[in-house]
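K.L.:
Below are the sequence and a predicted model; questions follow.
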Amino acid sequence: MIKLTSWNVNSVRLRLPQIEKFLQETNPDILCLQEIKCLAEQFPAKAFAKAGYPHQAISGQKGMHGVAIVSKWPLSEECIPDFCPRGEARVQSVKVAGFTLLNLYIPAGGDEPDVKINPKFAHKLEYLNNLQQHFTARGDQDNALEVLVGDLNIAPGEFDVWSHKQLLRVVSHTPIEVDALNAVKNSFDFVDMARVCVPETEPLFTWWSYRSKDWTKNNRGRRLDHIWLSPSLATLSKNPKFTVHNDCRSWERPSDHAPITLEFYQPENG
DNA sequence: ATGGCCGCCCTAGGCGGA
């Protein structure tokens, strides 16, 4: 089994102490980060190496967005198309431990779920469409050992938000986004591992707004972060285990996202 | 919905997040 974590940390430099604590407690093999909010040269590479994660791939930009993968096992960076029409640092791909790993930070999409008046929403849908085109064009999902993770900024299911009814017109849960995300998922027959491990009707969230004084009080969360396996890898993973580390949301100076971890079949040792 | 927050940036209000 391999242990893989995905976490939107909302600034890797500011959040480093919390990330180090998490790594000590949870000890994943691979950690995928989103919103590192720094250039590659500003990434705290030495701290991660010291924590046991010397193998690193970083796609950064100044002050915003940015993704990184740190690993106990050697990794090699893969070329991946830039799905972002604005050229922002939102995707990276590596080969590690016998599979291909795609780490994504999909655009949030602004406030109004209307492409005619909100360019950010149009950007989000364009990004999703580019992703779907990519997987449709590949068409080799039968044998691919592939993992897709990240902050996808969409809560697809009725029980992936605190109130389906109240969020139907709120960006992250609108039918147009959910359809676009499902099209990406179906284009490669990806398997949503959270819902393999946790029943569809059980509320499951990974993000809680900073604006609420006490996130535990009403538990008004959304499941925006995801770990998907290609069908072959999902079939090989007999007893997968999925965890939302929501205790991290209560730590001092938390990210608004909780880390999520999947333990699953490992094709080969690093 | 998030009302009342957070983190970034050529340090201060504007932008982006979701």
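P.N.:
Great, that's in hand.

K.L.:
secondary structure class for the spatially most central residue of chain A?
P.N.:
Centroid check for chain A by CA atoms, centre = their mean gives A:Gly150 as the closest residue, at 1.1 Å. Secondary structure for A:Gly150, judged by DSSP: H, G, I helix; E, B strand; the rest coil, is strand.

K.L.:
and the residue nearest to it when sequence neighbours are not counted, what does it touch?
P.N.:
Excluding the flanking residues, the one nearest A:Gly150 by CB to CB, 6 or more residues apart in numbering is A:Leu104, at 3.6 Å. C-betas here are computed from N, CA, C, even on glycine. Contact analysis of A:Leu104 by CB atoms under 8 Å, 6 or more residues apart in numbering lists A:Gln34, A:Val67, A:Arg90, A:Val91, A:Leu131, A:Leu148, A:Val149, A:Gly150, A:Asp151, A:Leu152.

K.L.:
Tell me the spacing between the residue nearest to the centre of chain A and A:Pro203.
P.N.:
From A:Gly150 across to A:Pro203, the span is 21 Å (CB to CB, to the nearest Å).

K.L.:
Look at A:Asp82 and tell me its secondary structure.
P.N.:
coil.

K.L.:
where's it relative to DNA strand B, distance?
P.N.:
Computed as CB to the nearest atom of the strand, to the nearest Å, the A:Asp82 to DNA strand B distance reads 16 Å.

K.L.:
Identify the residue of chain A closest to DNA strand B, quick one.
P.N.:
A:Ser209 (2.7 Å; CB to the nearest atom of the strand).

K.L.:
Can you get me a residue count around the closest residue to that residue other than its chain neighbours?
P.N.:
In this structure, A:Ser209 finds its nearest non-sequential neighbour in A:Asp256, 6.5 Å apart by CB to CB, 6+ apart. When neighbours are defined as other CB atoms under 10 Å, A:Asp256 has 19 of them.

K.L.:
Surely A:Asp256 touches A:Trp207?
P.N.:
Yes - using CB atoms under 8 Å, A:Asp256 makes contact with A:Trp207 at a distance of 5.9 Å.

K.L.:
so what sits against both of those two?
P.N.:
Shared contacts of A:Asp256 and A:Trp207, counting by CB under 8 Å, 6+ apart, come down to A:Asn8.

K.L.:
ok, which stretches of the stretch 101-250 of chain A are strands?
P.N.:
Applying DSSP state E, counting those that start in this stretch to the stretch 101-250 of chain A gives strands spanning A:146-151, A:191-192, A:207-208, A:221-222, A:225-229, A:241-244.

K.L.:
pLDDT score assigned to A:Gly270?
P.N.:
According to the prediction, A:Gly270 has pLDDT 51.

K.L.:
One more: A:Pro85?
P.N.:
Looking at A:Pro85, its pLDDT reads 89.

K.L.:
in terms of contact, does it touch A:Glu126 like I think?
P.N.:
Yes - between A:Pro85 and A:Glu126 there is a contact under CB under 8 Å: 5.5 Å.

K.L.:
quick one: which of those two has more around it?
P.N.:
Higher neighbour count among A:Pro85 and A:Glu126: A:Glu126, with 18 against 12, using other CB under 10 Å.

K.L.:
and the strands of the stretch 101-250 of chain A as a markdown table, adding distance to A:Ile58 and mean pLDDT?
P.N.:
Output for the strands of the stretch 101-250 of chain A, formatted as a markdown table (distance: least, CB to CB, whole Å; pLDDT from 0 to 100):
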| stretch | distance to A:Ile58 | mean pLDDT |
| --- | --- | --- |
| strand A:146-151 | 15 | 98 |
| strand A:191-192 | 27 | 98 |
| strand A:207-208 | 23 | 97 |
| strand A:221-222 | 27 | 96 |
| strand A:225-229 | 19 | 98 |
| strand A:241-244 | 25 | 98 |
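
K.L.:
give me the low-pLDDT residue ranges for chain A?
P.N.:
Along chain A, the parts satisfying pLDDT under 70 run over A:269-270.

K.L.:
From A:Trp162, how far out is the residue nearest to the centre of chain A?
P.N.:
A:Gly150 is 22 Å from A:Trp162, where distance means CB to CB.
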